[in-house]
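Asks: Next one to model:
(chains A, B, C and D)
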2 protein chains.
Amino acid sequence: MDQLTQSEENYIKAIYSLQQKTSSPVGTNDLADRMDTKASSVTDMIKRLSDKKLIQYKKYKGCELTDNGMRTALKLIRKHRLWETFLVEKLNFGWDEVHEIAEQLEHIQSLKLTDQLDKFLNYPKFDPHGDPIPDAEGEIQQREQSFKLNELAMDQSAVVIGVADSSASFLRFLDRHKINLGSSICVKEVYEFDDSREILINDELVTLSAAATSKITVQLV
Amino acid sequence: MDQLTQSEENYIKAIYSLQQKTSSPVGTNDLADRMDTKASSVTDMIKRLSDKKLIQYKKYKGCELTDNGMRTALKLIRKHRLWETFLVEKLNFGWDEVHEIAEQLEHIQSLKLTDQLDKFLNYPKFDPHGDPIPDAEGEIQQREQSFKLNELAMDQSAVVIGVADSSASFLRFLDRHKINLGSSICVKEVYEFDDSREILINDELVTLSAAATSKITVQLV
DNA sequence: CTTTATTTTTAGACAAGACTAAATCTATAA
DNA sequence: TTATAGATTTAGTCTTGTCTAAAAATAAAG
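Replies: So this is what the prediction gives:
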């Protein structure tokens, strides 16, 4: 199994993530959108990855990761999330600042580095956005049942365990409203006309749009 | 000042290092040897770097770094040595294992990352091989007067402060003889016929070849 | 079951960074 | 000072990853 280029690795991650969301197979145009490139470039890359047996590909039918490709994707996600954790926990970065840097760090090749980093961080199970970190074997810790905040019943007490959008802009919005992983949260009012909600967060009331509440993952307490 | 490719950065580092050793200007073939590539490839790259005003270049006359190129080189060296320090101090790597990984990590683009890492490591002045780490302004801490072990007078007490060869093979040789940065060292005998020496290191006697002693940097105590 | 719209692939080009082989410049020795 | 060895550059090619434009396959609608 020879070294992949950063570009190849980025495609693998994108295919993995689309495969999770929309279920396989992944279409060429969807991938092109995700990679911010053209469909023809995607076709080229798909051929390369197929040659390397990382994806299965039938012309005009889209592609899906092979077992091998899946392992590759999980290793990358592991590295990405470990580095994000490192940046936040050890280097005092904000959770809105780490994605770009982790995108670079995830390509560093060294199994030992990854595993030592994992140990140094004390084998974290979730990253700063609440996303699960695959272990050295690629196993992902499954969450207890969770909800999006907009599915939560009124007056039900819950705690924030993740975000469905890790863009800097959304994360800074949450910061401004003092919403973090671990925050206690409770729905106090639903405004039918626009599906926005009055939320009690750490003893303060704020109003959140439907767009916002649909991106906050919570667990009952 | 636009982003450099990893390849361009590697050339800048190589030019810097050759410039230090043999003093400028740096010849095309020397660079080709250092980069393990062909002279024609070097000529191509030299033109690119010259266009970007990182080196000064006269056809057939070799090249040297401009002020700008020098700053670029020092930033890379700073990152490289900070990462090596991190790997050894925080992730328990041996000093013989860190070079390759730091070669990758030094290309990560983020000023904040570098500076936070520096802070996290408590602003180290020297890396695990005893090489000085440039600060955020590119300033390098100058050493007190130092010697190579083969220049040290008999029975003169000294301490190991660096190595002139950071290859894994030489570093593992030092490990095997329990020679580390900070080790107390003293020459007890010089064998004229091959210039090898009997050395007292932390209360143990070992014989080191001329090749070995010429690569160990020490300071008088 | 055709026709049209959409998706996907092919064909041909380009830039970066590398290579080989050939040409050219510089320096050294007779 | 000229012949020639050694260093350096040019010319032309290759691969990776990208692009545009055009062709082909599939899906959807009448």
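Asks: what sits against the nearest residue to A:Leu117 once chain neighbours are set aside?
Replies: Leaving aside its sequence neighbours, A:Leu117 sits nearest to A:Leu82 (C-beta to C-beta, 6 or more residues apart in numbering or on different chains; 5.2 Å). Using the backbone N, CA and C atoms, a C-beta is placed for each residue, glycine as well. Taking C-beta atoms under 8 Å, 6 or more residues apart in numbering or on different chains, we find A:Leu82 in contact with A:Thr114, A:Leu117, A:Asp118, A:Leu121, A:Pro124, A:Asp127, A:Ile133.
Asks: Only alpha carbons, please: show the host helix or strand of A:Asp118 as CSV.
Replies: Element membership for A:Asp118, per DSSP states H and E: helix A:111-120. This file holds the C-alpha atoms of helix A:111-120, laid out as CSV (Å, rounded to 0.1, in the frame of the first residue of the first chain):
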residue,chain,number,x,y,z
LEU,A,111,1.7,6.0,12.9
LYS,A,112,3.8,6.5,16.0
LEU,A,113,3.1,10.2,16.0
THR,A,114,-0.6,9.7,15.9
ASP,A,115,-0.6,7.1,18.6
GLN,A,116,1.8,9.1,20.9
LEU,A,117,-0.4,12.1,20.4
ASP,A,118,-3.5,10.1,21.3
LYS,A,119,-1.7,8.9,24.5
PHE,A,120,-0.5,12.4,25.3
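Asks: Go ahead and name everything in contact with it.
Replies: A:75, A:78-79, A:82-83, A:86, A:124, A:135-136, B:87, B:90-93, B:97, B:101.
Asks: and the two most separated of the residues you listed?
Replies: Farthest-apart pair in these is A:Pro124 and B:Glu97; separation 23.8 Å (C-beta to C-beta).
Asks: For these two, work out which one has more neighbours and name it.
Replies: B:Glu97 (20 against 16; other C-beta atoms under 10 Å in any protein chain shown).
Asks: Just confirm that one contacts B:Arg172, I think it does.
Replies: No - applying C-beta atoms under 8 Å as the test, B:Glu97 and B:Arg172 come out as separate, 9.6 Å apart.
Asks: for the closest residue to A:Ser110 other than its chain neighbours, what are its contacts?
Replies: Spatial nearest neighbour of A:Ser110, chain neighbours left out: B:Ile101 (5.1 Å); criterion: C-beta to C-beta, 6+ apart. Counting by C-beta under 8 Å, 6+ apart, B:Ile101 touches A:Ile108, A:Ser110, A:Leu113, B:Trp83, B:Leu87, B:Phe93.
Asks: B:Ile101 is in what secondary structure piece?
Replies: Residue-wise, B:Ile101 maps onto helix B:98-105 under DSSP H and E.
Asks: got the buried residues for that helix?
Replies: For helix B:98-105, burial by neighbour count (16 or more other C-beta atoms under 10 Å in any protein chain shown) applies to B:Val98, B:His99, B:Ile101, B:Ala102, B:Gln104, B:Leu105.
Asks: Quick check: of these, which lies closest to DNA strand C?
Replies: B:Gln104 (14.8 Å; C-beta to the nearest atom of the strand).
Asks: The residue nearest to A:Leu117 belongs to a helix?
Replies: Yes - with DSSP: H, G, I helix; E, B strand; the rest coil as the criterion, A:Leu82 is assigned to a helix.
Asks: which SS state does A:Glu189 fall under?
Replies: strand.
Asks: how close does it get to A:Glu89?
Replies: 36 Å (C-beta to C-beta, to the nearest Å).
Asks: per-residue confidence for the residue positioned nearest the centre of chain A?
Replies: The centroid of chain A falls nearest to A:Asp131 when counting by C-alpha atoms, centre = their mean (5.7 Å). pLDDT, A:Asp131: 96.
Asks: now swap in A:Lys59 and tell me
Replies: Looking at A:Lys59, the pLDDT reads 85.
Asks: What is the neighbour count of it?
Replies: Neighbours of A:Lys59 (other C-beta under 10 Å): 8.
Asks: tell me the domain boundaries of chain A?
Replies: A:6-65, A:147-220 (automatic domain parsing).
Asks: what mean pLDDT would you report for the longest one?
Replies: Across domain A:147-220, pLDDT averages out at 94.
Asks: got the end-to-end distance for it?
Replies: When the termini of domain A:147-220 are compared using C-alpha to C-alpha, to the nearest Å, they are 8 Å apart.
Asks: same deal with the shortest one?
Replies: Its start and end residues considered, domain A:6-65 measures 17 Å (C-alpha to C-alpha).
Asks: for the nearest residue to A:Gly69 once chain neighbours are set aside, phi and psi?
Replies: With sequence-adjacent residues excluded and distances taken as C-beta to C-beta, 6+ apart, A:Gly69 is closest to A:Leu54, at 3.7 Å. Phi and psi for A:Leu54, reported as degrees, to the nearest 10, are phi -90, psi -20.
Asks: Brilliant, that's me finished.
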